[in-house]
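Student: Predicted model, plus sequence, below.
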Amino acid sequence: MDICAKLVTTRHGRREVRSPSGGVIISCQDLSRNGIILNGQCIRKAAIILMHGDIIQLPNSLTFTCLHCWKNSTEKLSLFDPTPPTHPVQKNIGGYIVTSQCLGTGSFATVHLALDPTKHRQVACKSIRTKRDHEVGQVMKEVRILMTLKHPNINEIYDTEENKKFIHIFLQLCTGGDLFTYITHTAETGNRICEAEAKYIMYQLLLGLKYLHDKLISHRGTKPENILLYCPGPYPRILIADFGLARPNSYQETFNVCGTVSYLPPEGILALDNKHLGYIGMPADCWSSGVILYIMLSYVHLTSITI
């Protein structure tokens with residue numbers, strides 16, 4: 001399915017990037033002095049995601065309606081594909097307005113687009129469903145640790161709310177997709193991330209990991225899917241995200257092997273079949289970073305190879 005959008009203005013940039021789910025994300029970054037008004041809410045100096053039916057107004061000036069034009073795809077991605085776009089419903093959680101627009105799903109959580117009216121910005125709301133009471137305390141313990149992290153290359157947690165069996169985590173919104181999608185889409189166009197751009201991305205990744213390791217925290221889930229691009233475009237600012245496997249006091253050996261196997265260090269692979277063996281999280285993060293660098297420099301879209 002293809003999505004198209006037009007925004008006629010020179011001071012409010014419009015970009016489109018591939019979504020990890022296979023669609024297209026339409027984003028707009030406010031570069032003006034006065035901001036923009038999105039669905040009646042003022043947005044200033046921030047990148048936003050534009051959904052079908054969103055109304056954008058330039059202060060005391062023109063008003064635009066965002067229309068997503070859906071075309072039938074040649075291959076269905078799901079049972080209900082293509083699904084006609086609908087305007088999302090909203091729900092108030094704490095001081096935030098959470099929409100039904102889903103940005104991503106996982107085994108234990110879903111991420112929805114939300115609005116922070118007091119700070120005039122969009123945010124991401126990660127909702128984690130907990131089945132037992134002790135799980136709430138465990139998740140909140142991890143969240144409190146992560147809320148102390150302030151670094152330009154780490155996805156910031158703004159706030160949390162507990163709602164019955166759900167824990168809602170409000171995060172910094174990134175509109176450029178994830179690094180894996182960026183790498184694969186670049187390869188699909190017949191190109192490859194150049195050494196200079198890979199170096200720039202790697203430098204930011206290592207800065208973020210150093211900050212974590214200085215606080216004795218290991219990420220343990222370092223992979224391109226968990227590295228977000230703050231805005232679309234080349235030489236992106238990247239942010240380390242998804243701290244569900246993060247561990248404090250990570251100088252200690254762990255016997256709980258976790259993370260994606262392709263990015264585990266040799267001692268982590270060995271510990272999979274030898275439960276008495278362990279490994280340390282911080283060196284594992286560094287190994288995973290090396291794998292990411294290799295992927296950036298060597299990934300080639302298979303359909304472009306001629307035998």
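Tutor: Received the coordinates, thanks.

Student: Wait, Asn249 touches Ser218, no?
Tutor: No - Asn249 is not in contact with Ser218 according to CB atoms under 8 Å; the separation is 9.2 Å. (C-beta placed from N, C-alpha, C; glycine too.)

Student: Which of those two has more residues huddled nearby?
Tutor: Ser218 (25 against 10; other CB atoms under 10 Å).

Student: helix, strand or coil for the closest residue in space to Pro224 that isn't next to it in sequence?
Tutor: Closest residue to Pro224 apart from its sequence neighbours, by CB to CB, 6 or more residues apart in numbering: Phe180 at 3.6 Å. Secondary structure assignment for Phe180 (DSSP: H, G, I helix; E, B strand; the rest coil): helix.

Student: Any buried residues in stretch 125-139, and which?
Tutor: Under the neighbour-count criterion of 16 or more other CB atoms under 10 Å, stretch 125-139 has 125-128, 130, 136, 139 buried.

Student: and after the helix or strand bottoming out on mean pLDDT in the chain, which helix or strand comes next?
Tutor: In the chain, no helix or strand scores lower on mean pLDDT, DSSP states H and E than strand 12-18, which sits at a mean of 54. Reading on from strand 12-18 to the C-terminus, the next helix or strand found by DSSP states H and E is strand 24-30.

Student: what about Phe170, neighbour count?
Tutor: With other CB under 10 Å as criterion, Phe170 counts 22.

Student: before we move on, back to that, between which two of the buried residues of stretch 125-139 is the distance greatest?
Tutor: Spatial extent of those (CB to CB) is set by the pair Cys125 and Val136 at 17.2 Å.

Student: Using PDB, write out every CA atom in stretch 265-277.
Tutor: Extracted as PDB, the C-alpha positions of stretch 265-277 are listed here (Å, rounded to 0.1, in the frame of the first residue of the first chain):
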ATOM      1  CA  PRO A 265      28.700 -12.600  21.800                       C
ATOM      2  CA  PRO A 266      30.400 -16.000  21.600                       C
ATOM      3  CA  GLU A 267      30.200 -16.500  25.400                       C
ATOM      4  CA  GLY A 268      26.400 -15.700  25.200                       C
ATOM      5  CA  ILE A 269      25.900 -18.300  22.400                       C
ATOM      6  CA  LEU A 270      27.900 -20.800  24.500                       C
ATOM      7  CA  ALA A 271      25.700 -20.100  27.500                       C
ATOM      8  CA  LEU A 272      22.600 -21.000  25.600                       C
ATOM      9  CA  ASP A 273      23.300 -24.700  25.800                       C
ATOM     10  CA  ASN A 274      25.400 -24.600  29.000                       C
ATOM     11  CA  LYS A 275      23.200 -23.200  31.800                       C
ATOM     12  CA  HIS A 276      26.100 -23.100  34.300                       C
ATOM     13  CA  LEU A 277      28.000 -20.600  32.100                       C
END
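
Student: tell me the mean pLDDT for that stretch?
Tutor: For stretch 265-277, mean pLDDT is 85.

Student: Show me which residues of it are buried.
Tutor: Applying 16+ other CB under 10 Å to stretch 265-277 flags 265, 267-268, 271 as buried.

Student: Save those as TSV, and put in secondary structure and distance to His68 too.
Tutor: Below are the buried residues of stretch 265-277 laid out as TSV (DSSP: H, G, I helix; E, B strand; the rest coil; distance: CB to CB, whole Å):
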residue	secondary structure	distance to His68
Pro265	coil	43
Glu267	helix	47
Gly268	helix	42
Ala271	helix	47
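
Student: Flag the shaky bits of the stretch 151-300 of the chain, pLDDT-wise.
Tutor: 255, 300 (pLDDT under 70).

Student: For it, which segments count as helices?
Tutor: 179-188, 195-214, 266-273, 281-298 (DSSP state H, counting those that start in this stretch).

Student: Could you pull up the contacting residues of the nearest residue to Thr110 once chain neighbours are set aside?
Tutor: Spatial nearest neighbour of Thr110, chain neighbours left out: Ser127 (5.4 Å); criterion: CB to CB, 6+ apart. Applying CB atoms under 8 Å, 6 or more residues apart in numbering to Ser127 gives the contacts 109-112, 166-169.

Student: give me phi/psi at Ser127?
Tutor: The phi/psi pair for Ser127 (degrees, to the nearest 10) reads phi -110, psi 120.

Student: Kindly provide the distance from it to Cys102.
Tutor: 10 Å (CB to CB, to the nearest Å).
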